[in-house]
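> Could you look at this predicted model? Sequence included:
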Amino acid sequence: HRYKGHQLSMLHRAGLRVPETLISNDGDEVLRFYEQHHGQIIYKPVRGGAHTSKVTEEDLTESRLAELSEAPVQFQEFIPGDDIRVYLVGDELFAAEILTEVLDFRRDRNARINPIDLPSAVARDCLTLGKTLGLVFSGIDIRRTPAGEYVFLEGNPSPMFSYFEKVTGYPISDRLVDLLLL
């Protein structure tokens with residue numbers, strides 16, 4: 001989690017589509033990034049631990065931007081679409097779409113999680129993500145845009161999965177045990 005910016009750079013170099021990202025504690029840079037994306041950006045902590053939020057006009061006040069001097073924040077272009085979570089366990093993939101009206105699905109206790117089959121090119125990209133980041137177990141977050149483009153948001157090296165497993169019936173725990181016993 002400490003290296004999300006570096007991780008996104010690696011994924012981009014590997015040919016995966018990732019959101020344009022700015023990690024900064026400089027208010028002027030943030031304002032330029034906001035204008036460059038016509039006000040359609042989100043922010044989240046660099047190390048995780050808090051929810052993703054959309055940047056609003058209130059976030060761009062002088063006093064609020066001054067708070068950035070305390071610690072950098074990760075800003076990204078807003079990617080519209082549906083959330084997809086993929087668990088990579090060894091060379092197996094377990095994917096589901098997460099249907100919600102909330103920007104960060106973790107805030108929606110009523111989000112619907114439906115198992116899906118990934119297009120073969122996206123499945124290959126998920127395996128590429130694991131190899132690129134050196135992960136044999138990962139929670140991969142993807143956004144599928146209304147135009148059908150798949151944008152990789154991150155490869156989480158220590159994802160929670162028990163609820164996802166319960167809802168989908170995927171054997172993630174069993175596969176993880178198998179992987180650990182190799």
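Right, received. Where do you want to start? Bear in mind that the values here come from a model prediction, so they are computed numbers and not experimental data.

> Now do the same contact list for the nearest residue to T168 once chain neighbours are set aside.
Leaving aside its chain neighbours, T168 sits nearest to P115 (4.9 Å; criterion: Cβ to Cβ, 6 or more residues apart in numbering). Any C-beta I mention is one placed from the backbone N, CA and C, and that applies to glycine too. Neighbouring residues of P115 by Cβ atoms under 8 Å, 6 or more residues apart in numbering: F94, A95, A96, T168, G169, Y170.

> Would you mind checking these for buried ones?
With burial judged by 16 or more other Cβ atoms under 10 Å, the buried subset of those is F94, A95, A96, T168, Y170.

> what does the host helix or strand of M10 rub up against?
Using DSSP states H and E, M10 sits in helix 4-13. Outside helix 4-13, the residues that touch it by Cβ under 8 Å, 6+ apart are 18-19, 21, 23, 46-48, 74, 129, 132-133, 152, 154-155.

> Can you list which of those are found in strands?
The members of the contacts of helix 4-13 that map onto strands under DSSP state E are T21, I23, Q74, F152, E154, G155.

> what bridges to the third one?
What that stands for is Q74. Judged by DSSP bridges, the bridge partners of Q74 are I23, K44.

> Verify the contact between it and T21 for me.
Yes: in this structure, Q74 is within contact of T21 by Cβ atoms under 8 Å, at 6.4 Å.

> hmm, back to that, only the buried residues of the helix holding M10, if you could.
K4, Q7, L8, M10, L11.

> residue ranges with poor pLDDT in this structure?
In the predicted model of the chain, residues 1-2, 47-50 satisfy pLDDT under 70.

> Can you give the contact residues for the longest helix anywhere in it?
In the chain, with assignment by DSSP state H, the single longest helix is helix 120-133. Helix 120-133 is contacted by residues 7, 10-11, 14-16, 86, 88, 91, 93, 95, 118, 135-136, 138, 140, 142, 150, 152, 155, 157 when judged by Cβ under 8 Å, 6+ apart.

> what about 7 Å?
For helix 120-133, the external contacting residues (Cβ atoms under 7 Å, 6 or more residues apart in numbering) are 7, 10-11, 14, 16, 86, 88, 91, 93, 136, 138, 140, 150, 152, 155.

> Whichever of these end up buried, select them in ChimeraX.
If you want just the buried ones from these in ChimeraX, going by 16+ other Cβ under 10 Å, the selection is:
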select :7,10,11,16,86,88,93,138,140,150,152,155
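
> ok, the residue nearest the centre of the chain - contacts?
The centroid of the chain falls nearest to L153 when counting by Cα atoms, centre = their mean (3.1 Å). Residues in contact with L153, defined by Cβ under 7 Å, 6+ apart, are P19, D141, I142, R143.

> what about burial for the contacts of helix 4-13, which qualify?
The neighbour-count criterion (16+ other Cβ under 10 Å) marks V18, P19, T21, V46, Q74, L129, T132, L133, F152, E154, G155 among the contacts of helix 4-13 as buried.
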